[in-house]
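1. model this:
(chains A and B)
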Amino acid sequence: AQKVTQAQTEISVVEKEDVTLDCVYETRDTTYYLFWYKQPPSGELVFLIRRNSFDEQNEISGRYSWNFQKSTSSFNFTITASQVVDSAVYFCALRNILYNFNKFYFGSGTKLNVKP
Amino acid sequence: DSGVTQTPKHLITATGQRVTLRCSPRSGDLSVYWYQQSLDQGLQFLIQYYNGEERAKGNILERFSAQQFPDLHSELNLSSLELGDSALYFCASSPRTSLGDEQFFGPGTRLTVL
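-> Residues are numbered from 1 along each chain as shown, chains lettered A, B, ... in the order given. This next block holds a predicted model:
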């Protein structure tokens, strides 16, 4: 089965704290992509990152970093020195190439509240 | 502003009715995706079109259909509407149809079925 689990429904932190959002996925496919999206209070979805299954290198973009570990089927997202503007719902998603070709599977989202 | 436009912004209709949601992709993007976001179902992928052809199908109900026109805009048709179809419908576009393409999302159409 193809599935994405975001076990953390809601997280609250104080500004400048680091926070990690967890994402665990299940897939039978060996070729797939993982994504993170942000949905701020305004409602519009924003693409953050994609990672293909053959590239386990961690990625850093400013205060954002992603840790992809195939051994644990996880693709976690860390925000360093969080800011109020980071408050949003974050979705992790999986896209397969073989099984259920090209479908997206989304996690249920993690709502991040960053308090000043 | 992502460059993707969706109309209308809000739509209120009654059960049993039919509605059409419209999406214009970013200039030059050939792929269009439709998503539904509801409180009980979460965010779900419905369907993808690439250059006028259906490319991938998600959890799209038979009462729903979509198409992409030669000018690349897309329409999502929802018929025999039910209360449970009330949701935010997003359209996204990407340059190609590669699995890993970055997608650019529109602001969404909020559909309320009464």
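2. make it CA atoms for all contacts and neighbour counts henceforth
-> Will do.
3. how about the residues of chain A near chain B?
-> For chain A, the contact set with chain B under CA under 8 Å from any CA of the partner chain comprises A:32-33, A:43-47, A:49-52, A:95-97, A:101-108.
4. and the closest residue to B:Ser38 other than its chain neighbours, how many neighbours does it have?
-> Nearest residue to B:Ser38 in three dimensions, chain neighbours excluded: B:Ala87, at 4.7 Å (CA to CA, 6 or more residues apart in numbering or on different chains). Using other CA atoms under 10 Å in any protein chain shown, B:Ala87 has 22 neighbouring residues.
5. Check B:Leu39 too.
-> 11.
6. Alpha carbons of stretch A:50-70, as CSV, please.
-> These are the backbone C-alpha positions of stretch A:50-70, laid out as CSV (Å, rounded to 0.1, in the frame of the first residue of the first chain):
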residue,chain,number,x,y,z
ARG,A,50,11.1,17.3,-3.8
ARG,A,51,13.5,14.4,-3.3
ASN,A,52,13.8,11.3,-5.5
SER,A,53,14.2,7.9,-4.0
PHE,A,54,17.8,7.5,-5.4
ASP,A,55,19.1,10.6,-3.7
GLU,A,56,19.5,10.3,0.0
GLN,A,57,21.6,13.4,0.4
ASN,A,58,20.2,15.7,3.0
GLU,A,59,19.3,19.2,1.8
ILE,A,60,19.5,22.5,3.4
SER,A,61,17.9,25.7,2.2
GLY,A,62,18.4,28.6,4.5
ARG,A,63,16.6,27.7,7.8
TYR,A,64,15.0,24.7,6.3
SER,A,65,16.6,21.2,6.1
TRP,A,66,15.4,17.8,5.1
ASN,A,67,16.6,14.4,6.3
PHE,A,68,15.7,11.5,3.9
GLN,A,69,16.4,8.0,5.3
LYS,A,70,15.2,5.1,3.1
